[in-house]
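Undergrad: here's my sequence, what's the structure:
(one chain, ligands or ions: 2)
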Amino acid sequence: MAISISEALDIVYQNTPVVDDEWIPIEEAVGRVIGEDLIAQFDLPRFDNSAMDGYAVKQSDAGTSVPCTEHIYAGDDPRNELHEGSAMKIMTGAPIPKGCNAIVPIEEVQVYEDKIILPVSIKKDAFIRWAGEDIKSGTVFLEKGEKVTAYTVAMLASQGMSHIKVKRKVRVAVFGTGDELKPHFEKIEPHQLYNSNTPMFLARAKELGCETQYIRSSKDTIAALQESIGQALHADIIITSGGISVGDKDFTKEAFTQLGMELHFEGVEIKPGKPTAFGKIGNTVIINLPGNPLASMVNYEVFVRAAIRKMGGLKAFYHNTLTTPIRETLKLKKGKFTVKLGRFDGKSFEAIPLQMPGMVSPMQAADGMIITEPEAEQLEKGSLVHMLPIAWELVSEKKEDLFTR
Ligand SMILES: Nc1nc2c(c(=O)[nH]1)N[C@H]1C(S)=C(S)[C@@H](COP(=O)(O)OP(=O)(O)OC[C@H]3O[C@@H](n4cnc5c(N)ncnc54)[C@H](O)[C@@H]3O)O[C@H]1N2
Ligand code: MOO
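TA: Ligands and ions are numbered 1, 2, ... in the order given. Now for the predicted structure:
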């Protein structure tokens with residue numbers, strides 16, 4: 001019995017465990033997922049300091065002329081207190097002296113003989129950067145489950161952290177099945193077919209931040225399949241393609257179940273890709289995708305990508321969509337949840353005109369997809385669709401509505 005896409009995704013999320021942690025240098029951490037909440041060890045800025053090259057003053061001296069008693073540079077540790085009726089020259093980033101309650105930028109004072117004339121109006125606290133206004137000591141400044149970007153690295157470095165605890169990379173093993181398949185680096189006979197799914201799945205897993213293992217495609221026998229499974233079992237996720245429909249040689253699920261796979265679903269109400277199956281052997285997640293390249297790709301984006309995000313420890317692991325008008329009227333087959341690949345040009349979405357489950361070329365052209373509901377017969381030009389991006393990550397911490405009506 002086929003289940004709905006939403007039910008299938010729930011099963012994937014519920015049954016996909018999260019990998020454990022490792023420590024790595026922050027320079028290596030971009031793209032990784034933070035393994036624990038990080039608490040600031042000190043304020044940032046560490047001390048009250050000047051935001052401008054100028055003069056440290058007392059606001060009450062506005063409109064008077066005062067002598068400049070001292071110069072303070074960034075990196076200095078000023079000991080003397082600022083007294084009424086005087087100023088100290090100060091550079092951007094230098095600690096403000098005790099007693100100072102405003103900074104006047106250089107451009108706003110006039111130098112007259114050995115004194116400076118202060119403007120008539122000075123705002124209290126002007127151009128002072130306060131300790132802790134950026135990051136407060138003792139607070140969580142980065143959360144478990146966030147992805148590390150270049151800007152996260154800036155935060156880590158500003159807290160003097162050389163290493164960070166991150167989720168280890170998800171290990172993905174892939175193999176195809178089919179007597180007709182040949183690896184792309186071997187000679188092929190006219191009746192044979194190059195295995196394009198395995199390299200595609202591995203490449204996509206790498207794009208999604210995983211460690212990958214290539215396993216040569218399996219022949220269509222239980223014994224051959226079980227040999228391939230044996231090589232893959234230490235992985236966190238095993239992805240297969242082919243042999244899951246009702247053909248005479250479709251043994252993929254049987255080979256796994258004989259080895260103890262607990263099958264959580266087989267068959268999803270999705271076109272293309274209905275035969276997709278999901279199961280587990282121990283902690284290893286198994287996703288059997290159809291052999292048809294475009295069908296397998298679509299289900300990879302919907303289910304494998306979801307599993308990789310969940311397993312990788314991302315806080316926001318749910319799919320998210322962007323809402324955009326459709327550029328041309330799109331005819332649909334009523335009665336099915338249908339996935340259409342397409343392109344988003346920043347203003348609207350256009351479905352790729354010719355896309356069939358056995359094709360390869362539409363995948364390369366697509367940077368997003370929509371999932372239409374069974375009631376939809378036609379989407380009128382200009383109507384709004386919910387696009388799941390393929391070419392970039394759009395995720396959410398809560399479940400989002402994925403479907404286009
Ligand atoms: N009588 C029925 N026939 C089929 C049904 C059905 O419900 N009743 N479902 C169809 C659907 S939907 C799909 S999808 C396919 C799924 O079949 P399998 O997952 O068993 O895949 P195969 O039969 O092994 O292969 C299908 C197709 O894809 C080619 N293929 C396989 N592996 C690769 C690979 N690694 N790289 C590139 N191409 C691959 C294979 O040569 C076949 O052409 O079943 C329908 N049939
Ligand atoms: O998954 Mo199949 O025809 O829906 O490719």
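
Undergrad: ligand 1 contacts on the stretch 301-405 of the chain?
TA: For the stretch 301-405 of the chain, the residues in contact with ligand 1 (C-beta under 6 Å from any ligand atom) are 357-358. Every C-beta, even on glycine, is put in place using the N, C-alpha and C of the backbone.

Undergrad: quick one: low-confidence parts of the stretch 301-405 of the chain?
TA: The stretch 301-405 of the chain contains no residues with pLDDT under 70.

Undergrad: and the residue of it closest to ligand 2?
TA: Pro357 (2.7 Å; C-beta to the nearest ligand atom).

Undergrad: what about that residue, how many residues nearby?
TA: Pro357 has 17 neighbours, counted by other C-beta atoms under 10 Å.

Undergrad: how about the helices in the stretch 201-350 of the chain?
TA: With DSSP state H, counting those that start in this stretch as the criterion, the stretch 201-350 of the chain has helices at 222-232, 252-258, 293-299, 305-311.

Undergrad: mind checking if the longest one is in reach of ligand 1?
TA: Read it as helix 222-232. No. If you take C-beta under 6 Å from any ligand atom as the test, helix 222-232 misses ligand 1, and the best it gets is 11.6 Å.

Undergrad: give me the buried positions along that helix.
TA: Across helix 222-232, burial judged by 16 or more other C-beta atoms under 10 Å covers 224-229, 231-232.

Undergrad: redo those residues as TSV? Include distance to Leu384 and pLDDT.
TA: Shown next, in TSV, are those (distance: C-beta to C-beta, whole Å; pLDDT from 0 to 100):
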residue	distance to Leu384	pLDDT
Ala224	48	97
Leu225	44	97
Gln226	48	97
Glu227	49	97
Ser228	44	97
Ile229	44	98
Gln231	46	97
Ala232	42	98
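
Undergrad: turn these into a markdown table, columns for distance to Arg309.
TA: As requested, the buried residues of helix 222-232 are arranged in a markdown table below (distance: C-beta to C-beta, whole Å):
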| residue | distance to Arg309 |
| --- | --- |
| Ala224 | 32 |
| Leu225 | 28 |
| Gln226 | 30 |
| Glu227 | 30 |
| Ser228 | 26 |
| Ile229 | 24 |
| Gln231 | 25 |
| Ala232 | 21 |
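
Undergrad: which among the residues you listed gets closest to Tyr55?
TA: Ala232 (69.3 Å; C-beta to C-beta).

Undergrad: contact partners of stretch 239-249?
TA: Outside stretch 239-249, the residues within contact range by C-beta atoms under 8 Å, 6 or more residues apart in numbering are 172-179, 181, 197-198, 201, 205, 220, 225, 250-253, 266, 275-277, 286-291, 296, 300, 304.

Undergrad: if we go to 6 Å?
TA: 174-178, 197, 201, 220, 250-253, 275, 277, 287-289, 291, 296, 304 (C-beta atoms under 6 Å, 6 or more residues apart in numbering).

Undergrad: how long is stretch 135-144 from one end to the other?
TA: One end of stretch 135-144 to the other measures 17 Å (C-alpha to C-alpha, to the nearest Å).

Undergrad: wait, what's in contact with Phe141?
TA: So Phe141 contacts 38, 40, 135 (C-beta under 6 Å, 6+ apart).

Undergrad: 8 Å instead?
TA: 38-40, 135, 155, 159.

Undergrad: buried subset of these?
TA: Buried among the contacts of Phe141 (16+ other C-beta under 10 Å): 38, 40, 135, 155, 159.
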